[in-house]
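Undergrad: model the following, please.
(one chain, ligands or ions: 1)
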Amino acid sequence: MTTLLTLAVLVLVAIAIWQLTKIFELSQLKTEQHQIANDSDNKNNGYMLFAFLVFIYGITIFSFWKYGKFLLPEAGSAHGEEYDSLMLVSMVIIFIVQTITQALLHYFGYKYAGKKGQKALFYADNDRLEFIWTIIPVIVLAGLILWGLYTWTTIMDVNDEDDPIIVELYAQQFNWTARYGGGDNVLGGANVRMIDIDKANVLGLDEADTYAHDDVIVKELHLPVGRKVNFKMRSQDVLHSAYMPHFRAQMNCVPGMITEFSFTPIYTTEEMRMNQDVIDKVKRTNKIRAEKAVSTGEAIDPWEFDYILLCNKICGKSHYNMQMKIIVETEEEYNEWMKGQSTFAETVMKDDTSPAFNTVSSVSIGE
Ligand SMILES: [Cu+2]
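TA: Numbers count the residues shown, from 1 in each chain. From the prediction side, this is the model:
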């Protein structure tokens, strides 16, 4: 590898020296005539501009066809639709404008290529043209920005209306832990200084705070469909980012402060598995898995779709594996699941050796 890099550096240095001597030659008065572009060179460059335009459009169409299927499926949260519309409209406008201006750029390069004896026209200004190309972007951008600001403030408005469930997402290198407020739906006080590894109080909950006693700590996030969730994020060590792509949600987790995000899941995991895009993705993934199983001779279980919480800040060597499964289910299923969980008082505070978590880590942490 080092040899290859050294060779590459040497080649690049050689090219740089060659180019420098050429510039030096060109800057001399007695330049040879073949170094100056003639009409035929200009014309060829004009054709090449068209060829490049075809290449740009070709690769665009190819990318849509080949990679379009990797986009996220329909949003699984109430605010997701508005977010997606904003994204789609912005992208469509950018796409149309770029397609037209790119074509014009290349066409003008061809049409007004240098010709012997032809001089460029000095054209100082045209008020009407200036007005048109100023006012159109102003109107379009103002519209997009206002719509964007409106969407942003609606999504980011975390409030206690509609009786939301309060859930803490706790980030640490390299896993997530979730905590529910329990019966009173209020999270007990916690601080990293109160972390007690011997007692498995890994979230640093305040034992003296009665609100903490019924808190439920889990390693798999369950959410009832149609009920608003207010997330409160904490980080133990470095910057992390709670990213839930299917819900169009992301919020940084910052050590020393609590950040918030709120959304309402609208489809259960089961319903999302019925989505055509998800079915196709599962099929494609399992095909790759099956091929891999044949080539390696190892049995690989087929993959099933699940909502997921990922970390979206490069927070260390196992960042890629920092994830937690999210299960959206009906209210009854959620209540049933919640009944089976033990509280902070029943686990850590009893001072026994049982683990603080209800569900043993479902995430394997790679090296
Ligand atoms: Cu992280």
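
Undergrad: how far away is the residue nearest to Ala178 when sequence neighbours are not counted from Tyr180?
TA: In space, and not counting its chain neighbours, Ala178 is closest to Leu221: 4.8 Å by C-beta to C-beta, 6 or more residues apart in numbering. All C-beta atoms are positioned from the backbone trio N, CA, C, and that covers glycine. Leu221 is 9 Å from Tyr180, where distance means C-beta to C-beta, to the nearest Å.

Undergrad: which neighbours do those two share?
TA: Residues touching both Leu221 and Tyr180 (C-beta atoms under 8 Å, 6 or more residues apart in numbering): Val167.

Undergrad: how distant is the helix or strand of the chain with the lowest mean pLDDT from the center of its chain?
TA: Least confident helix or strand of the chain, by mean pLDDT, DSSP states H and E, is helix 210-213 with a mean of 82. Relative to its chain's centre, helix 210-213 lies at 36 Å (C-alpha atoms, centre = their mean, to the nearest Å).

Undergrad: show me what that helix is in contact with.
TA: When contacts are defined by C-beta under 8 Å, 6+ apart, helix 210-213 is touched by residues 181-182, 184, 186-190, 205-206, 343-345, 349.

Undergrad: and if we set it to 6 Å?
TA: Identification of contacts with helix 210-213 by C-beta atoms under 6 Å, 6 or more residues apart in numbering yields Val186, Gly188, Leu205, Asp206, Phe344, Ala345.

Undergrad: please report phi then psi for the fourth one.
TA: Phi and psi for Asp206, reported as degrees, to the nearest 10, are phi -80, psi 110.

Undergrad: now the third one
TA: Per-residue torsions, Leu205: phi -70, psi 150 (degrees, to the nearest 10).

Undergrad: near the ion, which residues of the stretch 201-350 of the chain are found?
TA: His240, Cys311, Cys315, Met322 (C-beta under 5 Å from the ion).

Undergrad: just the ones in helices from the residues you listed, please.
TA: Using DSSP state H, no member of these falls in helices.

Undergrad: which of those fall in strands?
TA: His240, Cys311 (DSSP state E).

Undergrad: would JSON lines of the residues of the stretch 201-350 of the chain next to the ion with neighbour count and pLDDT be doable?
TA: Output for these, formatted as JSON lines (neighbours: other C-beta atoms under 10 Å; pLDDT from 0 to 100):
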{"residue": "His240", "neighbour count": "31", "pLDDT": "94"}
{"residue": "Cys311", "neighbour count": "26", "pLDDT": "95"}
{"residue": "Cys315", "neighbour count": "20", "pLDDT": "92"}
{"residue": "Met322", "neighbour count": "24", "pLDDT": "93"}
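
Undergrad: before we move on, the earlier item: doesn't Thr177 make contact with the residue nearest to Ala178?
TA: No: when contacts are counted by C-beta atoms under 6 Å, Leu221 is not listed as touching Thr177 (9.7 Å).

Undergrad: how much space separates Trp147 from the ion?
TA: 32 Å (C-beta to the ion, to the nearest Å).

Undergrad: same question for Phe231.
TA: According to C-beta to the ion, Phe231 stands 16 Å off from the ion.
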